[in-house]
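> fold the following, please.
(chains A and B)
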Amino acid sequence: MSVEVREDAPIQPAPSRKPLVQLIGVKKYFPVTHGVIFQKKVGFVHAVDGIDLSIYPGETVGLVGETGCGKSTTARLIMKLMDVTDGQILFDGKDITKLSRRGMRPVRKDMQMVFQDPYASLNPRKTVGSIVGEPMRIHKTVPKQKIKGEVQELMRLVGLNPEHYNRFPHEFSGGQRQRIGVARALALRPRLIVADEPVSALDVSVQAQVLNLLEDLQEEFNLTYLFIAHDLAVVKHMSDRVSVMYLGKIVESADGETLYRDPKHPYSGALLTAVPIPDPRMKRERIILQGDVPSPINPPSGCRFHPRCPRTREIAEREGLGRVHPRCRDEEPELLPHHPGQVAACHFPLEDRSSAQKKK
Amino acid sequence: MTEKLLEVKDLRVQFPTVDGIVKAVDGVSFSLDPGERLGVVGESGSGKSVTFLAVMGLLDRKAANVTGQILFRGQDLLKLRPDEFRRIRGSEIGMVFQDPMSSLHPLYKVGKQIAEAIQAHEDVTAKDAFTRAIDMLDRVGIPRPEDRAKQYPHEFSGGMRQRAMIAMGLCLSPDLLIADEPTTALDVTVQAQILDLIDRMRDEFQTAVIMITHDLGVVAEHTDRVQVMYAGKIVEAGTIDHIYHGAHHPYTWGLMQSISRLDEEQERLKPIKGAPPSLIFVPSGCSFHPRCPYVMDVCKTEVPPLEEEEYGHASACHLTLEEKKRIFASQVEVRT
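Next up, the predicted model:
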């Protein structure tokens, strides 16, 4: 049977490029209980509420959003440090959602994590050598006699002095500790590294050192990163694609440049204009969001952003429909494509800023 | 010439420890006009917080050796007795700290805490003080202030708590508000709300604001003048336009080059090599010399003085003014 190739067929991503990690309709609800002995479930925190995300080999996907939007929970679900409530997580095409602890072990070798706080994530009673070497001992990837040499090689790689093999974490500065965390994550030569706020605890001058290191290592070992941070500038700098989360959902995804130039979702727009620009001569129009993120126990109906959305208000008031457009209140928007590679979930996406600028 | 609101002269703060003397602040002098907004930038351990803890009289006098002069409207705060200081702190100098959870008392209602601050300084009834507290909560944009005043801090979100702290800091209309990393613990959207609020409050109360932060973006958008601190010293000071469009100190250059920017496409960040020094063993000469890419022999032995090179713009570096201008223009400045 011959296959007809149609001229107008939509351009598909190259079939050889299969995602390394794929999340399909992933949900995570935490029960809210009442009472001490008979813990009655009175509701659920909808931490992650149905997200789809693909991470392709060798790329960096950034995840941004405010506190409580579910970005760290997503990281923990991918690492299978928690089980999903619903949905599927595929790693290299294999469904890992239902794997047991034992079944997970060989997969764990391929995925490692770098944590936020370099002070809390290193055992203060262990030397750097044993912290970085532990994954090798557990997974038996390196014969015992060779571990020390291997660890010292890793230390050199991340910019630590290999002679400091026997030192303890407290003898290092914050930036150096984060390098130890990176060396540990690299010990098993993983394919995926999930970095959850890896530089937010560091000083500005040291942040740049660690970010450059992560970039170098990605090139050298062909690593895939899921990069989570609340600092949009850092995420944009590091990522090929950025997904913006709000209350457990992805509201927009695009490459960093497009997202910054032409955000489609009013939430992304507000988030981006909220970042102060280090240039006093640059004056921007700032959208200041009112109020706080609503409770994820009872997320708002329709579009979750509607109670804070300046856009729905503008449109509803123009059409004389009150303060919220009924569509935003009742109908949940789907992620729809805009620019190439950009999707956003909004009934009334923001207008093109770049084309508006060109007209000038 | 207007009278200076705050004038700090050769302030030194030293903490004797078993390992040696920590020189947290090492000869800092600056001044502030009424109603001015000053940004103080530096990394952890640069002495930026300790300097202003000294100004607020919050350093433990037994643990810290504080010398120099802190003139607030001409009066030397360092010569005051603790009870005299208490009268100024709160009523004339307001404060907002980084972590709003630990700076509010968890067991007292928010309105009560603000009312208490008012009662400590003014002879008013508890009822009147509480009414004023509600009014302040309303002015900082807290919805339903009557109900909110009767709630405990844990019932407030992070942004709301920081608003309550600002209400407390401003309830006695101080002439100076010192905000130490007021938005570091908050999300960017909430940060924008809070900074906007501080700006509006400054316009309303004509308060001078000192904003201590590590975020160069916050400084650019919310202050008039900046001073950059490194290892207990001011290394550069000037208007925001001086600093962002003509910085003179290699440390300032390093800071500007190491931040990720939303408004620029950067191939690679240029971090400052090494880490900030220990304040016990501060490097000889210019304390930045071990990390400085433009280091000269003189830098290793002689401490560069903070000298005004252009009107209102001073830096502490041995490079000549021409070299500084050349390096900034060719390597640091972001061209758009």
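> all the helices of the stretch 251-360 of chain A, residue numbers only.
Along the stretch 251-360 of chain A, the stretches classed as helices by DSSP state H, counting those that start in this stretch are A:256-261, A:266-274, A:310-318, A:326-330, A:353-359.
> which residues touch the shortest one?
Residues external to helix A:326-330 that are found in contact with it (CB atoms under 8 Å, 6 or more residues apart in numbering or on different chains): A:301, A:302, A:303, A:306, A:309, A:312, A:316, A:347, A:348. Where C-beta positions appear, they are placed from N, C-alpha and C, glycine not excepted.
> what spatial separation is found between the closest residue in space to the third one that isn't next to it in sequence and residue A:252?
The shortest distance from residue A:303 to any residue that is not its chain neighbour, by CB to CB, 6 or more residues apart in numbering or on different chains, is 4.7 Å, and that residue is residue A:328. With the distance defined as CB to CB, to the nearest Å, residue A:328 ends up 15 Å from residue A:252.
> tell me, how many residues neighbour the residue nearest to residue A:303?
Residues within reach of residue A:328, counting by other CB atoms under 10 Å in any protein chain shown, total 26.
> and for residue A:272?
When neighbours are counted by other CB under 10 Å, residue A:272 comes out with 22.
> and the longest helix along chain B with helix A:266-274, angle?
Criterion DSSP state H: the longest helix present in chain B is helix B:188-205. Helix B:188-205 and helix A:266-274 meet at an angle of 50 degrees, taking axes from the mean of the first three to the mean of the last three CA atoms, to 10 degrees as the criterion.
> where does the closest residue to residue A:86 other than its chain neighbours fall, secondary structure wise?
Nearest residue to residue A:86 in three dimensions, chain neighbours excluded: residue A:27, at 4.2 Å (CB to CB, 6+ apart). Element membership for residue A:27, per DSSP states H and E: strand A:21-34.
> next one: residue A:130
Going by DSSP H and E, residue A:130 is part of helix A:128-139.
> the helix or strand just after that helix vs helix A:128-139, what angle?
Next helix or strand after helix A:128-139 toward the C-terminus (DSSP H and E): helix A:147-157. Relative orientation of helix A:147-157 versus helix A:128-139 (the same axes, to 10 degrees): 120 degrees.
> now the residue most central in space within chain A: which helix or strand?
Residue closest to the average C-alpha location in chain A (CA atoms, centre = their mean): residue A:63, at 3.0 Å. Using DSSP H and E, residue A:63 maps to strand A:60-64.
> and the closest residue to residue A:66 other than its chain neighbours, how far is that from residue B:149?
For residue A:66, ignoring the flanking residues on the chain, the nearest one in space by CB to CB, 6+ apart is residue B:187 at 4.1 Å. Counting by CB to CB, the gap from residue B:187 to residue B:149 is 25 Å.
> neighbour count winner among the two?
Per other CB under 10 Å, whichever of residue B:187 and residue B:149 has more neighbours is residue B:149, with 25 against 22.
> how about that one, phi and psi?
When read as degrees, to the nearest 10, the backbone of residue B:149 gives phi -60, psi -20.
> how near is the nearest residue in space to it that is not next to it in sequence to residue B:130?
Take residue B:149 and drop its neighbours on the chain: the residue closest to it by CB to CB, 6+ apart is residue B:111, 2.7 Å away. Distance, residue B:111 to residue B:130, by CB to CB: 6 Å.
> can you tell me how far residue A:334 is from residue A:98?
Residue A:334 is 28 Å from residue A:98, by CB to CB.
> distance of the residue nearest to the centre of chain A from residue B:122?
50 Å.
> quick check, the residue in the stretch 101-250 of chain B closest to chain A?
Nearest residue of the stretch 101-250 of chain B to chain A (CB to the nearest CB) works out as residue B:217 at 3.2 Å.
> who are the contact partners of that residue?
Contacts of residue B:217 by CB under 8 Å, 6+ apart are A:275, A:276, A:277, A:278, B:259.
> which one of those is nearest to residue B:272?
residue B:259 (11.2 Å; CB to CB).
> ranges for the strands of chain A?
A:21-34, A:40-55, A:60-64, A:86-91, A:94-95, A:111-114, A:192-196, A:224-228, A:241-246, A:249-255, A:336-337, A:343-344 (DSSP state E).
> mean pLDDT for the ones you listed - can I get that in a markdown table?
Output for the strands of chain A, formatted as a markdown table (pLDDT from 0 to 100):
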| stretch | mean pLDDT |
| --- | --- |
| strand A:21-34 | 92 |
| strand A:40-55 | 91 |
| strand A:60-64 | 95 |
| strand A:86-91 | 95 |
| strand A:94-95 | 93 |
| strand A:111-114 | 94 |
| strand A:192-196 | 95 |
| strand A:224-228 | 96 |
| strand A:241-246 | 95 |
| strand A:249-255 | 95 |
| strand A:336-337 | 94 |
| strand A:343-344 | 95 |
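> quick one: the strands in the stretch 101-250 of chain B?
With DSSP state E, counting those that start in this stretch, the ranges of strands along the stretch 101-250 of chain B come out as B:176-180, B:208-213, B:225-230, B:233-239.
> any part of the longest helix along chain A near chain B?
Of all segments of type helix in chain A, defined using DSSP H, the longest is helix A:204-221. Yes. Among the residues of helix A:204-221, A:204, A:205, A:206, A:207, A:208, A:209, A:211, A:212, A:215 lie within reach of chain B under CB under 8 Å from any CB of the partner chain.
> need the contact list for residue A:239.
By CB under 8 Å, 6+ apart, the contact list for residue A:239 reads A:60, A:61, A:62, A:225, A:227, A:255, A:256.
> how near is residue A:274 to chain B?
With distances taken as CB to the nearest CB, to the nearest Å, residue A:274 is found 4 Å from chain B.
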